[in-house]
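Engineer: Here is my input; please provide its structure:
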Amino acid sequence: MDDDWAERQENEDIQRHLQALSVAAENDGEPLRWFEDLYASAQGDSALIPWARMGVNPILKDELERDPLVPGRALMVGCGLGDDAVYLEQRGWEVVAFDLSASCVAWCKERFSSSSVHWEVGDVTKPPQRWIENFDLVVEIHILQAIPIEIREEAAKVLPTLLKPKGRLISVGREATNRTKEEMSLPWPLSRRWLMERFSSLEVVIFQPIVLEDWPDIDRYVGVWQRTSQ
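Structural biologist: Numbering: from 1, shown residues only. Purely as a prediction, here's the structure:
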């Protein structure tokens, strides 16, 4: 997911559609189903996917340029239309990228048919055993803040378990601050305190508040944590 979400939210039709899908899925007892409903209903039109930048997330790009890592195995959580996963591949990483939506994953395979990224349908709260302690880098962008709080808690518990010793977790999203409006729709901002508590089993590498020039009223962050050698 990506920062263009805010801009797309200005399109009231897209926002109403998004909220309707979310409410319908929640009412049916399948709160995460709206991701598949959204990708399937878009029928290949990326303009209908609010977070589809169709390019690498600039905050992720800046972080990996600020602190280049030796490439290894990387996991892209909630890969969206795949640009961030392919960027990691281009930097030399062996990449597994997954999303809840089968339509989304099929879209990625079509867009990047020559890519070596391994695309999978998956649920971050139910990772396959082969993913546990198997990645040097795990990246999540706006995923935790796009899911209901009870599922978010479970997802946050899982992410550190996917890291190899000395593996890093990069999280990019909107930060809840004293400037955050009380009532906000998706994506729900996360507080620094919440993030630090959920990833307390890891060492903090950096937590950087970010305000983008085009969106001065929105507080963002990039957080990087590292598993110890044990």
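Engineer: Stretch 97-113 - what's its average pLDDT?
Structural biologist: Averaging pLDDT along stretch 97-113 yields 95.
Engineer: Next, the buried residues of that stretch.
Structural biologist: Ala97, Phe98, Asp99, Leu100, Ser101, Ser103, Cys104, Val105, Trp107, Cys108, Phe112 (16 or more other Cβ atoms under 10 Å). Backbone N, C-alpha and C define where each C-beta goes, glycine included.
Engineer: Now do the contacts for the last one.
Structural biologist: What it means is Phe112. Contacts for Phe112 (Cβ atoms under 8 Å, 6 or more residues apart in numbering) come out as Gly82, Val86.
Engineer: now the strand ranked longest in the chain, how far from the chain's geometric center?
Structural biologist: In the chain, with assignment by DSSP state E, the single longest strand is strand 163-174. Computed by Cα atoms, centre = their mean, to the nearest Å, the chain-centroid distance of strand 163-174 equals 11 Å.
Engineer: And the spatially most central residue of the chain, its phi and psi?
Structural biologist: Centroid check for the chain by Cα atoms, centre = their mean gives Ile141 as the closest residue, at 2.8 Å. Note on Ile141: backbone dihedrals following degrees, to the nearest 10 are phi -130, psi 110.
Engineer: what do you get for the one 3 residues further on?
Structural biologist: Recorded main-chain torsions at Leu144 are phi -60, psi -40, according to degrees, to the nearest 10.
Engineer: and the nearest residue to it once chain neighbours are set aside, what helix or strand is that in?
Structural biologist: Of all residues not flanking Leu144 in the chain, Arg152 sits nearest, at 5.3 Å (Cβ to Cβ, 6 or more residues apart in numbering). Following DSSP states H and E, one finds Arg152 within helix 149-158.
Engineer: Could you list the residues in contact with that helix?
Structural biologist: Applying Cβ under 8 Å, 6+ apart, the set of residues contacting helix 149-158 is Pro31, Leu32, Val124, Thr125, Pro127, Ile143, Leu144, Gln145, Ile147, Trp188, Arg198, Phe199.
Engineer: how near is the fifth one to Pro209?
Structural biologist: Computed with Cβ to Cβ, to the nearest Å, the distance linking Pro127 and Pro209 is 30 Å.
Engineer: neighbour-wise, which of these two wins?
Structural biologist: Between Pro127 and Pro209, counted using other Cβ atoms under 10 Å, Pro127 has the larger neighbour count: 19 against 11.
Engineer: which ones are touching the residue nearest to the centre of the chain?
Structural biologist: Applying Cβ under 8 Å, 6+ apart, we find Ile141 in contact with Met1, Asp2, Asn57, Ile59, Leu60, Gly78, Asp84, Ser171, Val172, Gly173.
Engineer: can you count the residues close to the spatially closest residue to it that is not a sequence neighbour?
Structural biologist: Using Cβ to Cβ, 6+ apart and skipping residues adjacent in sequence, the residue nearest Ile141 is Val172, 4.4 Å away. Using other Cβ under 10 Å, Val172 has 25 neighbouring residues.
Engineer: Next, Gln129: phi, psi?
Structural biologist: According to degrees, to the nearest 10, Gln129 has phi -60, psi -30.
Engineer: Need the pLDDT of it.
Structural biologist: pLDDT, read off for Gln129, is 97.
Engineer: Counting neighbours, what do you get for it?
Structural biologist: With other Cβ under 10 Å as criterion, Gln129 counts 7.
Engineer: returning to what we had before: measure the residue nearest to Ile141 to Ala155 for me?
Structural biologist: 15 Å.
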